[in-house]
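[1] just coords:
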């Protein structure tokens, strides 16, 4: 693999002079900050980092990297747990300074550049009383989340992020700037709705917005001895909930730092307050909760309630899978394993799928996960680097116990860096068509530092 040292100095200086943004090399001020991502477990050193300010910078960066024989990696928000945004010896195309957001309240649309975070986009759309599905943590980048599908608090009512996507501006492997939509490059637009960063550098996104100012949301928590009963209740309760209600259950640690283990349910209801109170009543009256913090709040606030649980720089290792239901066996395995979890930052998350997200055919977009059920996510998280091995082993062991009870499907945005064999599970019946699009738009597999779709499928 080429490094910056192997690039002719005059070639490097010409590239630097063309950029509107900043070109960083190891040792430069800002280099270490630019190469760091949300997951502290990722510690890689690109040969060069091009901090782009616009599409022309992205085009020049791709051209330079290909001429210099450098691999390309792309950073949007830097939140992806696999850390594919930063690769040793590569040219990192860094979009994090591309923060433009333009809301059109008349057409209820928003254009946002590839470095925008969901908290930033939510703030701008909220000025007009508008919103779109966008993640469950506000510091997540819009680019990676959307290209991978886009699970979020509003998906039972509005679908996932890609279901609200109107167009994507993309720079291809050949350095061509194009717009993909239903009417322009429709095959590519299909692939971008779930196919990740396999097809080029997405420089901006256009979303359809929806009227929404306030939700009723928050947390209900029970002591761990009640967790089995709570999860069984959630399983039954979610069989008949309205589209307005998103449910995420979990096994977590108390946010007060005590290390106390809890069974918890996080809710987001985007209907009227009266409807929310009626729909949430069975949950709020169930058992003897240790904590109930549920009430009206602006939607952008709802999008921040998990932020503190996932601090930047903590070590993360995740595994996930889908299950059609929360069987007693799955519940028992999770509760038993959580009793021996090595870190007080780790948790298990059960994201419920129903409503609008499940009313789209699995082949209508590249993202095929349209079945009702639960996405089971193990989020191992810790701060002590000497505890890495035991946290990873705990996660892998629990995942192995869950596999026989799972559907075999995987959400690409939750794949960790050792999940190279999971691409087929992430795309299922859509993999062959994705490979065909890859063959036409990136035949040389220039964009391969991702959960890679090759043209050989």
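    Cool, the structure landed. Predicted, not measured: the structure shown is a model, and the values here were computed from it.

[2] switch to C-alpha atoms for all contacts and neighbour counts from now on
    Fine.

[3] which stretches of this structure have low pLDDT?
    Applying pLDDT under 70 to the chain flags residues 1-5, 420, 455-457.

[4] Domain-wise, how is this structure divided?
    Following automatic domain parsing, one gets these domains for the chain: 4-94, 101-211, 214-418.

[5] how far out from the middle of the chain is the second one?
    The gap between the average C-alpha position of domain 101-211 and the chain average comes to 12 Å, counting by C-alpha atoms, centre = their mean, to the nearest Å.

[6] For stretch 114-122, measure first residue to last.
    One end of stretch 114-122 to the other measures 15 Å (C-alpha to C-alpha, to the nearest Å).

[7] do the same with stretch 21-33
    First-to-last distance for stretch 21-33 - C-alpha to C-alpha - comes to 16 Å.

[8] returning to what we had before: may I see the domains of the chain arranged in CSV, with distance to residue 448 and mean neighbour count as well?
    Below are the domains of the chain laid out as CSV (distance: least, C-alpha to C-alpha, whole Å; neighbours: other C-alpha atoms under 10 Å):
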stretch, distance to residue 448, mean neighbour count
domain 4-94, 8, 20
domain 101-211, 7, 22
domain 214-418, 13, 19
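
[9] Looking at those, which is nearest to residue 443?
    domain 101-211 (8.8 Å; C-alpha to C-alpha).

[10] In contact with the most centrally placed residue in the chain, which residues are there?
    Centroid-nearest residue in the chain, with C-alpha atoms, centre = their mean: residue 145, separated by 3.8 Å. Neighbouring residues of residue 145 by C-alpha atoms under 8 Å, 6 or more residues apart in numbering: 134, 135, 151, 161, 413.

[11] give me that answer again for 10 Å
    76-77, 79-80, 117-118, 134-135, 151-152, 160-162, 194, 196, 412-414 (C-alpha atoms under 10 Å, 6 or more residues apart in numbering).

[12] what does residue 299 give?
    Residue 299 neighbours (C-alpha under 10 Å, 6+ apart): 122-123, 126, 129-132, 153-154, 212-217, 268-270.

[13] now swap in residue 146 and tell me
    Per C-alpha under 10 Å, 6+ apart, neighbours of residue 146: 133-135, 160-165, 192-196, 205, 413.

[14] Quick one: the helices in this structure, in order.
    9-18, 31-35, 55-68, 118-126, 142-147, 155-158, 186-192, 227-237, 273-284, 299-302, 328-338, 388-402, 423-427, 431-441 (DSSP state H).

[15] got those helices as JSON lines, with distance to residue 369 columns?
    Converted to JSON lines, the helices of the chain look like this (distance: least, C-alpha to C-alpha, whole Å):
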{"stretch": "helix 9-18", "distance to residue 369": "42"}
{"stretch": "helix 31-35", "distance to residue 369": "32"}
{"stretch": "helix 55-68", "distance to residue 369": "31"}
{"stretch": "helix 118-126", "distance to residue 369": "22"}
{"stretch": "helix 142-147", "distance to residue 369": "14"}
{"stretch": "helix 155-158", "distance to residue 369": "12"}
{"stretch": "helix 186-192", "distance to residue 369": "14"}
{"stretch": "helix 227-237", "distance to residue 369": "19"}
{"stretch": "helix 273-284", "distance to residue 369": "26"}
{"stretch": "helix 299-302", "distance to residue 369": "24"}
{"stretch": "helix 328-338", "distance to residue 369": "20"}
{"stretch": "helix 388-402", "distance to residue 369": "19"}
{"stretch": "helix 423-427", "distance to residue 369": "8"}
{"stretch": "helix 431-441", "distance to residue 369": "13"}
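
[16] and of those helices, who's closest to residue 95?
    Among those, helix 55-68 sits nearest to residue 95 (C-alpha to C-alpha), with 8.5 Å.

[17] Would you mind getting the angle between the closest one and helix 9-18?
    Between the axes of helix 55-68 and helix 9-18, defined by axes from the mean of the first three to the mean of the last three C-alpha atoms, to 10 degrees, the angle is 170 degrees.
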